[in-house]
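**Student:** build me a model from this:
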Amino acid sequence: MQRREFLKNGSLAAMGGFAAVESLPNLTKPFVNPPAKPAIAQPMVKKSLKWGMVKEDLSILDKFKLLKDLGYDGVELDTPNDLDMKEVLNARDKTGLELPGTVNSFHWKSPLSDPDPKVRAATVDAMKKSLQDTKQYGGTTVLLVPGVVKADVSYEDAYKRCRDEIRKLLPVAEKTGVKIAFENVWNSFLISPLEAARFVDEFKHPMVGWYFDVGNILRYGWPAHWIETLGKRILKLDLKEFSLKKQQEEGLWKGFNVEFLEGDCNWPEVNNALRKIGYSGWASAEVNGGDRTRLLTIREKMDAIFKA
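**Tutor:** Down below sits the predicted model:
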């Protein structure tokens, strides 16, 4: 090799070595921590329960005070109801206990799937009142069982009737700003997550969604599967427990005779599924209520579920 070529190759090698050194991190610079990852929102952040669970013989105001003292954030009333609106609003304002939503009180006795138009009309009228009352309460949802399939009510008829009747309520929902939230119950209707999602989507309207009951679903499948499919359609959560063992050994309805965290609901899995869809909001207990001691126990168990 001639001297000129040797020098040329030597220079390239030196440059390659320099480039390699330059590609290494500058060890003389102070170490800087990488940017922190954004905190993942807790799925269940506010605790509520149903008004009928409060078994103390107290005034409306004192019941609100009791629930606030026990650590609840809100309570859901049935609507329409016989409670004095002024008393309810006074109790809400004095205690700070919220009324996040209501439960329609007609949907079981007068289902929207009934063959009789007059029966269906009774719930449509009741839902209009529910939406209006809930607006006054400051709530954002009315829970509605969309329909019931029975021997004399076919699945297809139930689907069409419920869809048509609910469409009559959309203008009232728009006007009040209160959403209609369908709940999954043992009504032999909308019993798969894909179908439940489709039912919501067919309305093509932002004022309908889902009130997902975690315990009810264990008869049909797994809560996490439903949560992943329903996604952003979930507006609120109902919490109850269910034991498949009790169901099998003692009868279907006996499955509910189990305390929170002692049944077959995988609460950590539920929370993970809720995080994946970005849910962060209300969770309402719907279990056997009782006096102050019982209501405190429920709230403490809800705390554990929230952290599971």
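**Student:** from Ile277, how far off is Ala181?
**Tutor:** Applying C-beta to C-beta, to the nearest Å, the value for Ala181 to Ile277 is 16 Å. C-beta here means a position set from N, CA and C on the backbone, and glycine is covered the same way.
**Student:** and those two? Which one has more around it.
**Tutor:** Neighbours were counted for Ala181 and for Ile277 using other C-beta atoms under 10 Å; Ala181 has more, 26 against 16.
**Student:** who does that one bridge with?
**Tutor:** Residues in a beta bridge with Ala181, per DSSP bridges, are Leu143, Gly209.
**Student:** hang on, it packs against Val142?
**Tutor:** Yes: counting by C-beta atoms under 8 Å, Val142 is a contact partner of Ala181 at 6.7 Å.
**Student:** between the two, what contacts are shared?
**Tutor:** Common contacts of Ala181 and Val142, defined by C-beta atoms under 8 Å, 6 or more residues apart in numbering, comprise Gly101.
**Student:** please, where are all the helices along the stretch 101-250 of the chain?
**Tutor:** 117-137, 155-167, 170-176, 193-201, 223-230, 244-250 (DSSP state H, counting those that start in this stretch).
**Student:** any idea which of these is most buried?
**Tutor:** Most buried of the helices of the stretch 101-250 of the chain, by mean neighbour count (mean count of other C-beta atoms under 10 Å): helix 223-230, with a mean of 21.
**Student:** avg pLDDT for it?
**Tutor:** When pLDDT is averaged along helix 223-230, the result is 98.
**Student:** count of neighbours near Gly71?
**Tutor:** When counting by other C-beta under 10 Å, one arrives at 13 neighbours for Gly71.
**Student:** just to revisit the earlier point, of all the helices of the stretch 101-250 of the chain, which one is nearest Trp267?
**Tutor:** When these are compared by C-beta to C-beta, helix 223-230 sits nearest Trp267, at 9.1 Å.
**Student:** show me what the closest one is packed against.
**Tutor:** helix 193-201, strand 208-213, helix 267-277 (3 or more C-beta pairs under 8 Å, 6 or more residues apart in numbering; DSSP states H and E).
**Student:** what strands line up against the helix or strand just after the longest one, and which way round?
**Tutor:** Going back to what we said before, that points to helix 267-277. Once the chain leaves helix 267-277, the next helix or strand it forms, by DSSP states H and E, is strand 281-285. Paired strands of strand 281-285, with direction, are strand 44-49 (parallel), strand 234-239 (parallel) (DSSP bridges).
**Student:** that older thread, now the helices of the stretch 101-250 of the chain in CSV, with distance to Glu286?
**Tutor:** Below are the helices of the stretch 101-250 of the chain laid out as CSV (distance: least, C-beta to C-beta, whole Å):
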stretch, distance to Glu286
helix 117-137, 17
helix 155-167, 22
helix 170-176, 23
helix 193-201, 18
helix 223-230, 14
helix 244-250, 18
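**Student:** could you measure from the residue nearest to Ile191 when sequence neighbours are not counted over to Val149?
**Tutor:** Excluding the flanking residues, the one nearest Ile191 by C-beta to C-beta, 6 or more residues apart in numbering is Tyr220, at 5.4 Å. For Tyr220, the distance to Val149 (C-beta to C-beta) stands at 14 Å.
**Student:** so between those two, which is more surrounded?
**Tutor:** More crowded of Tyr220 and Val149, by other C-beta under 10 Å: Val149, with 19 against 13.
**Student:** residue contacts, the nearest residue to that one once chain neighbours are set aside?
**Tutor:** The shortest distance from Val149 to any non-neighbouring residue, by C-beta to C-beta, 6+ apart, is to Ser188 (4.1 Å). Shown in contact with Ser188 (C-beta under 8 Å, 6+ apart): Val148, Val149, Lys150, Tyr155.
**Student:** which among those residues gets closest to Val214?
**Tutor:** Val148 (21.0 Å).
**Student:** per-residue confidence at that closest one?
**Tutor:** On pLDDT, Val148 comes in at 97.
**Student:** what's the burial count for it?
**Tutor:** By other C-beta under 10 Å, 19 other residues sit near Val148.
**Student:** same thing with Trp108?
**Tutor:** Trp108 is surrounded by 12 other residues when neighbours are defined as other C-beta under 10 Å.
**Student:** that one reaches Pro146, doesn't it?
**Tutor:** No: judged on C-beta under 8 Å, Trp108 makes no contact with Pro146 at a distance of 11.5 Å.
**Student:** and the end-to-end length of stretch 198-212?
**Tutor:** Using C-alpha to C-alpha, to the nearest Å, one end of stretch 198-212 lies 15 Å from the other.
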